[in-house]
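Q: coords please:
(one chain, ligands or ions: 1)
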Amino acid sequence: MNFFDKLQASIFQNQSLLFVGLDPNPELLPADYKSEDIIADLHNWLESIIRETADFVCAYKPTLGFYEALGVPGLELLEKTLAAIPSHIPIILDAKHSDLNTSSVFARRVFTQLNVDAVTLSPYTGQDHVAPFLVYLDQAVFILCCTSNAGAEALQKYPTEELPLYLQVVKESRNWGTPEQLGLEVGTTNPEILARIRSVAPERLIMARSIWAGGSNINIKEILAAGLNSHGDGLLIPVPQDMFSQPKLADHIQSLRAEINQAKSEIFSETSTCAVWLPDVSVVNLHPQQDLILKLYDVGCIMFGSFVQASGATFPYYIDLRKIISNPQVFNQVLTAYEKILNSLEFDRLAGIPYGSLPTATGLSLRLHCPLIFPRKEVKAHGTRRLIEGNFDPGETVAVVDDILITGKSVMEGAEKLKSAGLNVRDIIVLIDHEQGVKARLLDHGYQAHSVFTLAEITETLYQCGRINQAQFLAFRESQG
Ligand SMILES: O=c1ccn([C@@H]2O[C@H](COP(=O)(O)O)[C@@H](O)[C@H]2O)c(=O)[nH]1
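A: You can find the predicted model right below:
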């Protein structure tokens, strides 16, 4: 089971968003655990924390630095502590690792030897640093966005109030990994910061930190209202550190859990009855390809504005899928989406429509081990003067891969060239269908078109997730007539 599913199962089983920091900090060791052997004392203390909390929390978060500070016995203590955590509860190792040249070996150490489910990382070295962790598909990373210490403000709030560095980290890291594999670590006592991050990353898991640093001023309901996603989850809440030194830990955690769950249900009953304007799109029915849609938008493949199309018509959007080749992670996801459709079809060869779809068709040909051909856009006046590039035998069936269907003209021209060479063409597979009857027109010509998603689904998802505003959403709707 991957990290995300394991966490969801754990949240559901214990009805809790709480996570526990498992830190062998000698300074916080309660007096009744102290003896001559500090490692044994810390071990007993941490084990009792796990015992007391395992039914009321959704995750554990040991901090690597506290274990390392105890030397070799500390690292042994880490392994023992990890072993004491029930296997169904996910473990997030707080390592804030950020070294580029050791990221691969560190990822291997934490994910294959320590077997933790997730690790915290610092963002400053960018995607190159995060990528070696994300090759472990069942494990996840949390990217540090901001911390609550005053000394960090000069950096994290730089350069402008509109786009401080911490929000830029959120925006940038959306392109590094899927919401299932990449969450955000947000240390703050300020609900406004949490709300700004949530609005930029509605789909991400947020691990809140330091929320209790404000002492009695903390309003947990405000924190929850700012950080929860539209489903009422997506937010992990830390158990306050001082609770671990108190007797009757289980009782304290249970009442904190009850307080959070109560606040959660109040927030949701209030928002569902108050008279606020809500977009007439469902926030519950998320599109199954939501993550891919958001990524395509974030890497600049989907643009809103006024664009003249090849037909001369002006549309309130432009789709440029040629950009995906520069982002291997998104490109991979695009290929997977096409692959799912192709797996249900029968064909002997793939054909790409030049030029935009050729990289995609090539990727699919390699993935499916299926030979590729393509009809030329223009026939050369020299050399072989071939109309179709690549080898084929007349009578074979070809599945045609294209990027987007607007009028269907370009894909139909390509298909006709293939047919004129004696090939059979029935299925056309595209990423995006502009709708407006194009599939029916293609069917009239004998082609069955299949698409991963429609433009209407894309715009609805982008609107629900806060990527486009109401004016952009409505402009698209009006253009659809
Ligand atoms: O937003 C857009 C619109 C069109 N394209 C390119 O056009 C063809 C599809 O247009 P048809 O009218 O169906 O022939 C598509 O293959 C793209 O190359 C685009 O990229 N973005």
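Q: ok, and what's touching the lengthiest helix in the chain?
A: Across the chain, the longest stretch assigned as helix under DSSP state H is helix 249-273. Around helix 249-273, the neighbours that count as contacts under C-beta atoms under 8 Å, 6 or more residues apart in numbering are 14-18, 48-49, 52-53, 55-57, 220-221, 224-225, 228, 232, 237, 239-240, 243, 246. C-beta: built from backbone N, CA, C; applies to glycine.
Q: Of the residues you listed, grab the buried ones for ChimeraX.
A: To isolate the buried members of the contacts of helix 249-273 in ChimeraX, using 16 or more other C-beta atoms under 10 Å:
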select :14,16,17,18,49,52,53,55,56,57,220,221,224,225,228,237,239,240,243
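Q: Can you tell me the closest non-neighbouring residue to the residue of the stretch 51-200 of the chain found nearest the ligand?
A: For the stretch 51-200 of the chain, the residue positioned closest to the ligand under C-beta to the nearest ligand atom is residue 175, at a distance of 20.7 Å. The spatially closest residue to residue 175, leaving aside those adjacent along the chain, is residue 298, at 5.4 Å (C-beta to C-beta, 6 or more residues apart in numbering).
Q: what do you get for residue 59?
A: The shortest distance from residue 59 to any residue other than its chain neighbours is 4.0 Å, reached at residue 19 (C-beta to C-beta, 6+ apart).
Q: Quick check: bridge partners of the one you found?
A: Residue 19 has the following beta-bridge partners by DSSP bridges: residue 59, residue 238.
Q: what's the answer for residue 186, then?
A: Legend: beta-bridge partners of residue 186 under DSSP bridges are residue 146, residue 208.
Q: who's in contact with it?
A: Taking C-beta under 8 Å, 6+ apart, one finds 145-146, 193-194, 197, 206-209, 227 in contact with residue 186.
Q: Quick check: of these, which has the highest neighbour count?
A: With neighbours defined as other C-beta atoms under 10 Å, the most crowded of those is residue 146; it has 28 neighbours.
Q: Hmm, that one is touching residue 170, no?
A: No. Applying C-beta atoms under 8 Å, one finds residue 146 not in contact with residue 170, separated by 9.0 Å.
Q: give me the number of residues near the residue nearest to residue 59?
A: Applying other C-beta under 10 Å, we find 26 residues neighbouring residue 19.
Q: any idea how far it lies from residue 168?
A: Distance, residue 19 to residue 168, by C-beta to C-beta, to the nearest Å: 26 Å.
Q: try residue 58
A: When C-beta to C-beta is the yardstick, residue 58 and residue 168 sit 29 Å from each other.
Q: Give me the more crowded residue out of the two.
A: More neighbours sit around residue 58 than around the other of residue 58 and residue 168, counting by other C-beta under 10 Å; the figures are 25 against 16.
Q: which residues touch the more buried one?
A: The contact partners of residue 58, by C-beta under 8 Å, 6+ apart, come to 7, 10-11, 14, 16-19, 89-90, 236.
Q: could I get the residues you listed as JSON lines with distance to the ligand, secondary structure and pLDDT?
A: Converted to JSON lines, the contacts of residue 58 look like this (distance: C-beta to the nearest ligand atom, whole Å; DSSP: H, G, I helix; E, B strand; the rest coil; pLDDT from 0 to 100):
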{"residue": "7", "distance to the ligand": "38", "secondary structure": "helix", "pLDDT": "95"}
{"residue": "10", "distance to the ligand": "43", "secondary structure": "helix", "pLDDT": "95"}
{"residue": "11", "distance to the ligand": "40", "secondary structure": "helix", "pLDDT": "92"}
{"residue": "14", "distance to the ligand": "47", "secondary structure": "helix", "pLDDT": "93"}
{"residue": "16", "distance to the ligand": "46", "secondary structure": "coil", "pLDDT": "95"}
{"residue": "17", "distance to the ligand": "41", "secondary structure": "coil", "pLDDT": "96"}
{"residue": "18", "distance to the ligand": "46", "secondary structure": "strand", "pLDDT": "98"}
{"residue": "19", "distance to the ligand": "44", "secondary structure": "strand", "pLDDT": "98"}
{"residue": "89", "distance to the ligand": "47", "secondary structure": "coil", "pLDDT": "98"}
{"residue": "90", "distance to the ligand": "41", "secondary structure": "coil", "pLDDT": "98"}
{"residue": "236", "distance to the ligand": "39", "secondary structure": "strand", "pLDDT": "98"}
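Q: Let's have these in a markdown table, adding distance to residue 188.
A: Converted to a markdown table, the contacts of residue 58 look like this (distance: C-beta to C-beta, whole Å):
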| residue | distance to residue 188 |
| --- | --- |
| 7 | 21 |
| 10 | 24 |
| 11 | 22 |
| 14 | 25 |
| 16 | 21 |
| 17 | 16 |
| 18 | 18 |
| 19 | 16 |
| 89 | 25 |
| 90 | 23 |
| 236 | 14 |
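Q: mind listing the helices for the stretch 251-400 of the chain?
A: 290-298, 328-342, 358-368 (DSSP state H, counting those that start in this stretch).
Q: and the first one, what does it pack onto?
A: Here helix 290-298 touches helix 328-342, helix 455-464, going by 3 or more C-beta pairs under 8 Å, 6 or more residues apart in numbering; DSSP states H and E.
Q: Quickly check: the first one near the ligand or not.
A: No. Shown here: helix 328-342 not in contact with the ligand (C-beta under 6 Å from any ligand atom), separated by at least 14.0 Å.
Q: Run through the neighbouring helices and strands of that helix.
A: For helix 328-342, the packing partners by 3+ C-beta pairs under 8 Å, 6+ apart come out as helix 290-298, helix 358-368, strand 424-433, strand 448-454.
Q: quick check: angle from the shortest one to helix 455-464?
A: Translated: strand 448-454. Using axes from the mean of the first three to the mean of the last three C-alpha atoms, to 10 degrees, one finds that strand 448-454 and helix 455-464 are set 10 degrees apart in direction.
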